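[1] 3D model of this:
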Amino acid sequence: MSLTKDKNGIDYSGQYFVAAELERRDFTAALPLSNTQDFDILAISRLTNKQYAIQVKTTAAGILQWIMTSKPETIKGDNIIYIFVHLNELGTPDFYIIPSTILADSIRDKYSKLSAKPRKDGKPRTDSGVRTFIIRSDFEMYKNAWHILEN
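    Residues are numbered from 1 along each chain as shown. The predicted structure follows:
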C-alpha cells in the first residue's frame, strides 16, 4: 500500500494523526468544520485548561520539507504551535512540534538572507510570499517534542 498522492488526503491525514496524539496526551482536540486560515486544530489541556491554536503541515515526501506562505513570520504567540507531520509509508508519522516564535524567526532570517542576494541576472529579488521550511539538524530537537505543549 502506498500513500495517497492527493494533497487534501495527505493534509487531512496529518491533522487527524495530530488530533489523535493530542487526545492521547490529555488534550481535547477540535478540528473546525470550516476551513480556518490561521489554525487547523484548537487544543485544550484537560489538566491545565491551557489552550493552543495549532497549524498542521503535512508531507509524505522523502525529504523533510514543507511549502507554506510567509504568514508564519507574523502570526506568532505563546499559544500558537506549528506541527510538521512526516507521514512514513506504513509506520508511525514523525511530528515536529515547533513554537510559532521559533518558526517565525527561522523563516524570517532565512528569507531576509535570501532576498539580500541579487538574482543571477543582477536584478533585485521580489518576494513571492512562498516559503520552504526544511528540517535541519538544529530542528531535530523538536522531533516528537510533545512536552512543548505541556508547559
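[2] switch to C-alpha atoms for all contacts and neighbour counts from now on
    Fine.
[3] where exactly do the helices run in the protein?
    7-24, 100-116 (DSSP state H).
[4] now for the longest one, which elements pack on it?
    Spelled out, it's helix 7-24. Secondary-structure packing of helix 7-24 (3 or more Cα pairs under 8 Å, 6 or more residues apart in numbering; DSSP states H and E): strand 27-30, strand 41-45, strand 51-59, strand 80-86.
[5] which residues touch the last one?
    Contacts of strand 80-86 with the rest of the structure, by Cα atoms under 8 Å, 6 or more residues apart in numbering, involve 14, 18, 52-61, 64, 66, 93-100, 103.
[6] tell me, how many residues neighbour F39?
    Neighbourhood size, F39 [other Cα atoms under 10 Å]: 17.
[7] and the gap between it and I75?
    10 Å (Cα to Cα, to the nearest Å).
[8] sorry, back to before: most packed of the helices of the chain?
    Comparing the helices of the chain by mean neighbour count (mean count of other Cα atoms under 10 Å), helix 7-24 ranks first with a mean of 17.
[9] and the angle for it with strand 41-45?
    Interaxial angle of helix 7-24 relative to strand 41-45 (axes from the mean of the first three to the mean of the last three Cα atoms, to 10 degrees): 10 degrees.
[10] what sits closest to D38 if chain neighbours are left out?
    What sits nearest to D38 in space, not counting adjacent residues and going by Cα to Cα, 6 or more residues apart in numbering, is Q55, at 6.9 Å.
[11] next one, pLDDT for that neighbour please.
    Listed pLDDT for Q55 reads 95.
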